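Trainee: Sequence and computational prediction follow.
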Amino acid sequence: MRTVIQILLVVAAVVLVFFIYKSIQRPIEFDKAKDARYEATVEKLKEIRSAQLAYKDVYGRFAGTFDTLVSFVIHDSVRNVKAIGELTDSMIEAKISEKKAIEMGLIIRDTIKVSVLESLFGKDFDANSLRYVPVPGEKTEFHMAETVITTGSGIQVPVFEAKAHNNVILRGLDRQLVINLNAQRRTNERYPGLKVGSLTEANNNAGNWE
């Protein structure tokens, strides 16, 4: 009888140790998975920002849809200044400006058009991947929009925003820990996810991870 009780106590102790271990590992494993998904999502948001800034350079405002942005990256081109030579100390001492040096043929500044795709990402980049949050499971698009806001000084500024909620980024991970993270973000008045840009303020297209 005593042997049976001893065995049961050992089993209970092992089970208790197991659950303590799992309770400790649970947030550790969650944070590890969260950090990996956040890193991938931030990189994609940076790519979206690069494409949007190139689009604005050409059209004066940001793209409002991924169809427009992806088409721009695949089919459009941007201006690139090819520089050959530069002002030397002797030119500067002779008070020769860059404009004058170009006119004299001493240096060359040639504007050429290059593919947006190759210029920003390389020819093998999948431009259509810009629209999707890089997480396992069903493909889900980032939420993206653009508008023009008026600053306090009366200046109209084009802005855009692209974002993904934690419920998408962390899909399939510990649900309670995702809920806790979202609640913490809201308490701190922060967006419960990752985003770049803003539709309500001119924030220089910053990401909320920066």
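Mentor: The structure has been received and is ready for your questions.
Trainee: okay, the spatially most central residue of the chain: pLDDT?
Mentor: By Cα atoms, centre = their mean, the mean C-alpha position of the chain lies nearest to Leu45, the distance being 1.9 Å. Leu45 is assigned a pLDDT of 98 by the prediction.
Trainee: so it sits right up against Asn205, yeah?
Mentor: No. Leu45 lies out of contact with Asn205 (Cβ atoms under 8 Å); the separation is 10.2 Å. For glycine as for every other residue, the C-beta is placed from the backbone atoms N, C-alpha and C.
Trainee: circling back to that earlier point, helix or strand for the nearest residue to the residue nearest to the centre of the chain once chain neighbours are set aside, which one?
Mentor: In space, Leu45 comes closest to Val196 once its chain neighbours are excluded; the distance is 4.4 Å by Cβ to Cβ, 6 or more residues apart in numbering. According to DSSP states H and E, Val196 maps onto strand 193-197.
Trainee: How far away from the center of its chain is the biggest strand by length in the chain?
Mentor: Among the segments of the chain that qualify as a strand by DSSP state E, the longest is strand 156-165. Its chain's C-alpha centre lies 12 Å from the corresponding centre of strand 156-165 when counted by Cα atoms, centre = their mean, to the nearest Å.
Trainee: what do you get for stretch 63-73?
Mentor: For stretch 63-73, the distance to the chain centre is 16 Å (Cα atoms, centre = their mean).
Trainee: Could you number the chain from 467 rather than 1 from now on?
Mentor: Sure, I'll start numbering at 467, so the last one becomes stretch 529-539.
Trainee: Please work out which residues outside it touch it.
Mentor: 514, 517-518, 520-521, 524, 582-583, 586-587, 593-594, 596-597, 607-608, 610-612, 626 (Cβ atoms under 8 Å, 6 or more residues apart in numbering).
Trainee: How many neighbouring residues does the closest residue to Ile514 other than its chain neighbours have?
Mentor: Of all residues not flanking Ile514 in the chain, Ala628 sits nearest, at 4.8 Å (Cβ to Cβ, 6+ apart). Using other Cβ atoms under 10 Å as the criterion, Ala628 is surrounded by 28 other residues.
Trainee: still on that earlier bit, any shared contact partners between Leu511 and Asn671?
Mentor: Applying Cβ under 8 Å, 6+ apart, one finds that Leu511 and Asn671 are jointly contacted by Val662.
Trainee: one step back: who are the contact partners of the residue nearest to Leu511?
Mentor: Shown in contact with Val662 (Cβ under 8 Å, 6+ apart): 511-512, 514-515, 627-629, 671-674.
Trainee: List buried residues within these.
Mentor: If you count burial by 16 or more other Cβ atoms under 10 Å, the buried members of the contacts of Val662 come out as 511, 514-515, 627-629, 671, 673-674.
Trainee: the helices in this protein, which residues?
Mentor: Assigned by DSSP state H, the helices in the chain fall at 468-525, 532-541, 555-559, 564-569, 582-586, 632-635, 641-653.
Trainee: so can I have JSON lines of those showing distance to Val601?
Mentor: Converted to JSON lines, the helices of the chain look like this (distance: least, Cβ to Cβ, whole Å):
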{"stretch": "helix 468-525", "distance to Val601": "6"}
{"stretch": "helix 532-541", "distance to Val601": "17"}
{"stretch": "helix 555-559", "distance to Val601": "54"}
{"stretch": "helix 564-569", "distance to Val601": "48"}
{"stretch": "helix 582-586", "distance to Val601": "23"}
{"stretch": "helix 632-635", "distance to Val601": "6"}
{"stretch": "helix 641-653", "distance to Val601": "12"}
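Trainee: No further questions, thank you.
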